[in-house]
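*Asks:* Next comes the sequence, and after it the predicted model I'd like to discuss.
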Amino acid sequence: MGKVRGFLEISRKKPGDRPITERVHDYKEFVLPLADQDLRDQGARCMDCGIPFCHEGCPLGNHIPDWNDHIYHGRTTDAVAALHATNNFPEVTGRVCPAPCEASCVLNLQGQPVTIKTIERAIADYAAESGFFRPVRPQIRSGKRVAVIGSGPAGLAAAPPPPRCRRRCRRPPRRCPRPGSRARGRAGAARDSPPRSARG
Ligand code: SF4
């Protein structure tokens, strides 16, 4: 678990935002990361509940108390493995998920849930910066094949598991040559529209 009595000694700390006057001029990320020591302190607040309601709240069933503990003890590599055990896109969910895990956290009874989403994003960013995103290649293949139709978020989420169970998975040819077409199209449209400050 995190630090014994950590939740009594350490307050919840949320990441800050870039100033509005600055961020209206671009589409860059506006949520600032927490400092390493702050992240460890926030991980220390987790009580490793006997019944972790954060699990119930998370649609993915993420192993939240595990990574909180890894972060608190500075075992970042273990935190990456624990996070990716259940989540194929933590770099996305750590940013856009409404965090029902935090709403379900037992510490939310006092309005001070563990900053789960912030910790998740930090672990995913560390994984990306440290080269942990690598294809999982099975040592033995079963010879069976699985077709995943579509390469949006659902298809991308479904695609990684087959190699882990020794099946070959290949994205079929389609109109859009790049994965995530629908989400990519919307993001692209937003990116190509003029910033708010430049509109009439
Ligand atoms: S409910 Fe909150 S305090 Fe309990 S294990 Fe989950 S994150 Fe930790």
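*Replies:* Thanks, I have the structure now.
*Asks:* who touches whichever helix in the chain runs longest?
*Replies:* Criterion DSSP state H: the longest helix present in the chain is helix 116-129. Helix 116-129 is contacted by residues 14-15, 33-34, 39, 42-43, 54, 62, 64, 67-68, 71, 76, 79-80, 83-84, 87, 90-91, 93-95, 97, 99, 101-102, 105, 132-133 when judged by C-beta atoms under 8 Å, 6 or more residues apart in numbering. Using the backbone N, CA and C atoms, a C-beta is placed for each residue, glycine as well.
*Asks:* Please enumerate the helices of the protein.
*Replies:* Here the chain has its helices, by DSSP H, at 6-9, 20-23, 36-44, 53-57, 64-72, 76-84, 90-96, 100-104, 116-129, 153-158, 161-164, 181-192.
*Asks:* any idea of the angle the longest helix of the chain forms with helix 76-84?
*Replies:* With axes from the mean of the first three to the mean of the last three C-alpha atoms, to 10 degrees applied, the angle from helix 116-129 to helix 76-84 works out at 110 degrees.
*Asks:* about what we covered before: are any of the contacts of helix 116-129 buried, and if so which?
*Replies:* 15, 34, 39, 42-43, 54, 62, 64, 67-68, 71, 76, 79-80, 83-84, 87, 90-91, 93-94, 97, 99, 101-102, 105, 132 (16 or more other C-beta atoms under 10 Å).
*Asks:* Nearest residue to the middle of the chain?
*Replies:* Nearest to the mean C-alpha position of the chain, by C-alpha atoms, centre = their mean, lies Pro90 at 2.3 Å.
*Asks:* can I assume that one is in contact with Ala81?
*Replies:* No - counting by C-beta atoms under 8 Å, Ala81 is not a contact partner of Pro90; they are 11.6 Å apart.
*Asks:* Report the residue ranges of every domain in the protein.
*Replies:* 6-129, 145-198 (automatic domain parsing).
*Asks:* Select, out of those, the one closest to Arg137.
*Replies:* domain 145-198 (6.6 Å; C-beta to C-beta).
*Asks:* hang on, the earlier thing: tell me the most buried of the helices of the chain?
*Replies:* Stretch with highest mean neighbour count among the helices of the chain: helix 64-72 (a mean of 24; mean count of other C-beta atoms under 10 Å).
*Asks:* list the helices and strands that one packs on?
*Replies:* Secondary-structure packing of helix 64-72 (3 or more C-beta pairs under 8 Å, 6 or more residues apart in numbering; DSSP states H and E): helix 36-44, helix 53-57, helix 76-84, helix 116-129.
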